[in-house]
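1. Could you work out the structure for the sequence below:
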Amino acid sequence: MARFIYVVARDRRDLYQKLKEDFAGQHDVAVVLDRRIRDRRTITIEPTAEFRRADRRRQRELERELRGAGSFITATSDIFLVVV
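-> Numbers count the residues shown, from 1 in each chain. All right, here's what the predicted structure looks like:
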């Protein structure tokens, strides 16, 4: 299983192809296209207020990076922040 996930904006297929080629031999990095169509929550438990604030802040940072640079990389241990 990959330790890092490189998420690429759907409109940046050129970048996606390049990153797939660049990381082809590295099994600890997965390159994926952002498949989200709209925001949705997958967490079914009620998180604490502290967790929600930190989660939203980190998610906003990743969204800005995705829009600005066309991609971001995150550890698979943080993937719950990416899949909303």
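
2. hey, let's count contacts and neighbours off CA atoms from now on
-> Fine.

3. Could you find the closest non-adjacent residue to residue 70?
-> residue 9 (5.2 Å; CA to CA, 6 or more residues apart in numbering).

4. I'd assumed residue 34 was in contact with that neighbour.
-> Yes - because the distance of 5.3 Å satisfies CA atoms under 8 Å, residue 9 is recorded as touching residue 34.

5. Neighbour count for the two, which is higher?
-> residue 9 (22 against 18; other CA atoms under 10 Å).

6. Identify the residues contacting the residue nearest to residue 70.
-> Shown in contact with residue 9 (CA atoms under 8 Å, 6 or more residues apart in numbering): 33, 34, 66, 67, 70, 71.

7. nearest to residue 4, of these?
-> residue 71 (13.0 Å; CA to CA).

8. quick one: the residue nearest to residue 70 from residue 1, how far?
-> Relative to residue 1, residue 9 is positioned 22 Å away (CA to CA, to the nearest Å).

9. before we move on, what about residue 7?
-> Counting by CA to CA, the gap from residue 7 to residue 1 is 16 Å.

10. Check residue 70 too.
-> 24 Å.

11. More neighbours: which of the two?
-> residue 70 (19 against 8).

12. which residues of the protein fall in helices?
-> Assigned by DSSP state H, the helices in the chain fall at 13-22, 49-69, 79-82.

13. If you average pLDDT over each of these, which is lowest?
-> When these are ranked by mean pLDDT, helix 79-82 comes last with a mean of 50.

14. Pull the number of nearby residues for the nearest residue to residue 13 once chain neighbours are set aside.
-> Leaving out its chain neighbours, the residue that sits closest to residue 13 by CA to CA, 6+ apart is residue 33, at 7.9 Å. For residue 33, the number of neighbouring residues by other CA under 10 Å comes to 17.

15. Look up the pLDDT of residue 33 for me, please.
-> 92.

16. Test my guess that it contacts residue 15.
-> No - using CA under 8 Å, residue 33 is not in contact with residue 15, being 9.9 Å away.

17. which neighbours do those two share?
-> Contacts common to residue 33 and residue 15, judged by CA under 8 Å, 6+ apart, are residue 8.
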